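>>> Below is the sequence, then the predicted model.
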Number of protein chains: 2
Amino acid sequence: MVTIKDLAQQLNLHHTTVSKALRDHPDIKKETRDRIKALAIELDYHPNVLAQSFKRRTSNTIGIIVPNINVDFFSTVISAIEDVVYDAGYTIMISQSNENFHREVLNAKTMLSNQVAGLIISVSRETQTAPHLTNLKNNGIPVVCFDRVIADVSLAKVVVDDYQAAFQLTEYLIQKDYTTIAHLGGPNMVSVSVDRYQGFIDAQKKHALPVHEQWIKRGGFREADGFENMNATLSQPPLPRAVFAVNDQVAFGAYGAIKKLGLSIPDDIAVAGFGNLMLAQYMDPALTTVAQEPAEMGRSCAKLMLEAIQNPVKQTRGKTVTIPTRLIIRAST
Amino acid sequence: MVTIKDLAQQLNLHHTTVSKALRDHPDIKKETRDRIKALAIELDYHPNVLAQSFKRRTSNTIGIIVPNINVDFFSTVISAIEDVVYDAGYTIMISQSNENFHREVLNAKTMLSNQVAGLIISVSRETQTAPHLTNLKNNGIPVVCFDRVIADVSLAKVVVDDYQAAFQLTEYLIQKDYTTIAHLGGPNMVSVSVDRYQGFIDAQKKHALPVHEQWIKRGGFREADGFENMNATLSQPPLPRAVFAVNDQVAFGAYGAIKKLGLSIPDDIAVAGFGNLMLAQYMDPALTTVAQEPAEMGRSCAKLMLEAIQNPVKQTRGKTVTIPTRLIIRAST
DNA sequence: ATGAAAGCGCTAACAA
DNA sequence: TTGTTAGCGCTTTCAT
């Protein structure tokens, strides 16, 4: 690998001169600068970014931690983040928590050790406190949480208004005359589960509908969880007229359980999800759901991060951006 | 951020002693080592990985370049890579070429500048030569290509036998008595397009079926490309009895075009894809396709890379790993 | 306009 | 067993 010293030697200059020239420092006169740059190209010089970052005590890398890359929502967010930060000269470093708090803490440590310029994270379902994140903040590294967030005022956040979206969706169901509605919820302590659940409850209260405990289930975010919980619901009459699932995967699981009994969607039981996975439109029947605009979330995360990096003082403390959702009505309701 | 010098000072030791102790160097006696480690934990010391990598002249980062993270196939591969290399102490740095050769070259340069320990790449559809990759090789950085590869003997590769899989799928169609088969192909110069096409052709030749030029289309990898090319095929009678699409997305586009005319799949025209996206099983009718085992590909890429890093001499030059495929027969044929 | 000196945090070779 | 010296490639400050 050719270094600035190699360039300097060949041109009988000092390496500091070369360093300045390559960065267009006004000290160096145009002619010298041109000679240096020409040789740099000729010898295929690449700056050692590690050395630069080391010296600057911060890198051009933005860390991202998600439960799993291989989830449409997360990969779309990440893709959008990369698109934006790339244009600003940053690269992204990714790790997966695999929904494991301990691993998430290790990931955060690695990000710190790697002197990332900032961290964008959607926390694992086990994560309930944020010392590993505030630790980064305390070391001057801005943190942006998205989607699944932690209630900590010092962290910037990009979220959808899960409560509002769930409220709106539930009202729509009620207005369609589905007055008995079951809920297939997510894990207890995850912010999105809680907020969607609360929106669901409050919409029913607003319309003076009784909430039936036996129609409220909790579980995971996966198809299998939806299948299992829907089976449980179906085995305890009376049956609800509609089901609101915490996300689309869970709704797909519910489809399986309902169809297995030979019941019709939506004639016997209507189903609504949350997230608008690509699959949702192709299901039979197509699934009513809430679009979350993950690309928009990613862009917001990236912008917020770049802002925080450029503004290390105020660091957009606790700033929260809410991305609008869209109710998408399809044949399943 | 606390450094080894801080630790050294507090313990009245030299920082090199601390450095050795933290790395369990046998020079340092157990008692001193324990004192040092205890203080390191107490002060929440984190090694500056950038400084370490800078010194070692290589990082613990493995670069990944893909056309787009937000494609189920790629995100699954990446997820598997991360799982494997994480256990070996590596992190991953990702960038997207967005199917653009120029950007891919820049990405590769960035990876080089960042002193990545290795690069794993699936090339853009515009990429036909590999100087940017051999350049990395020449700088001692191992390169592993996967799925979409470049014919260059010096690069390690992880692929599926696209030719063989397409051949097998085509034979299956023929054996089902679909004797007139159209092809919705991918871009001209991409390895997977070419190989799948050739398998398709050769299987027909083997069974002495004539190949009709008007049933061979070329295009992109997206749903819209499939829709467009299928429309073109449908507008020029006679119609084929079956269609083999270069991938599942293109097959989905074909579904749209066929259904729009009120034709039935598979009664009027059978459809087969390639890739086994999650969607494929949910389509109506469920899509016959070829499973590619992306997670398996990812694990192979990671293993090959770790091997190459540990073995910088032979560097697994041009070694090729072929991942088996599975023909998945569903209702669309 | 250019050069010299110093140092970022760490490790390796050598000295005590 | 511990300490000293030197240097990775780069940038910043100060001298020439």
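On my side now, so go ahead.
>>> and stretch A:26-34, anywhere near DNA strand C?
Yes - Stretch A:26-34 is in contact with DNA strand C by Cβ under 7 Å from any atom of the strand, via A:26-29, A:32. Yep, even glycine has a C-beta here, placed from its N, CA and C like the rest.
>>> avg pLDDT for that stretch?
Averaging pLDDT along stretch A:26-34 yields 91.
>>> Check stretch A:1-17 too.
Mean per-residue pLDDT for stretch A:1-17: 93.
>>> near DNA strand C, which residues of the stretch 1-150 of chain A show up?
Applying Cβ under 7 Å from any atom of the strand, we find that the stretch 1-150 of chain A lies next to DNA strand C at A:12-14, A:16-17, A:20, A:26-29, A:32, A:54-55, A:57.
>>> Neighbour-wise, which one of the residues of stretch A:26-34 next to DNA strand C leads?
With neighbours taken as other Cβ atoms under 10 Å in any protein chain shown, the top of these is A:Ile28, carrying 19 neighbours.
>>> can you tell me which residues contact that one?
Residues near A:Ile28 by Cβ atoms under 8 Å, 6 or more residues apart in numbering or on different chains: A:17, A:20-21, A:36.
>>> Please repeat the previous calculation with a cut-off of 6 Å.
A:Ile28 makes contact with A:20-21, according to Cβ atoms under 6 Å, 6 or more residues apart in numbering or on different chains.
>>> ok, it to A:Asp34 distance?
Distance of A:Ile28 to A:Asp34, given as Cβ to Cβ, to the nearest Å: 10 Å.
>>> again with A:Leu22
A:Leu22 sits 12 Å away from A:Asp34, taking Cβ to Cβ as the criterion.
>>> Just put the residues of the stretch 1-150 of chain A next to DNA strand C in a markdown table and tack on distance to A:Tyr86 and secondary structure.
Formatted as a markdown table, those follow (distance: Cβ to Cβ, whole Å; DSSP: H, G, I helix; E, B strand; the rest coil):
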| residue | distance to A:Tyr86 | secondary structure |
| --- | --- | --- |
| A:Asn12 | 38 | coil |
| A:Leu13 | 33 | coil |
| A:His14 | 34 | coil |
| A:Thr16 | 30 | helix |
| A:Thr17 | 31 | helix |
| A:Lys20 | 27 | helix |
| A:Pro26 | 29 | coil |
| A:Asp27 | 31 | coil |
| A:Ile28 | 29 | coil |
| A:Lys29 | 33 | coil |
| A:Thr32 | 32 | helix |
| A:Phe54 | 22 | helix |
| A:Lys55 | 23 | helix |
| A:Arg57 | 23 | coil |
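>>> Mind putting those residues into a markdown table with distance to B:Gln292?
A markdown table is the format used below for those (distance: Cβ to Cβ, whole Å):
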| residue | distance to B:Gln292 |
| --- | --- |
| A:Asn12 | 57 |
| A:Leu13 | 54 |
| A:His14 | 55 |
| A:Thr16 | 53 |
| A:Thr17 | 53 |
| A:Lys20 | 51 |
| A:Pro26 | 55 |
| A:Asp27 | 56 |
| A:Ile28 | 53 |
| A:Lys29 | 58 |
| A:Thr32 | 55 |
| A:Phe54 | 41 |
| A:Lys55 | 44 |
| A:Arg57 | 43 |
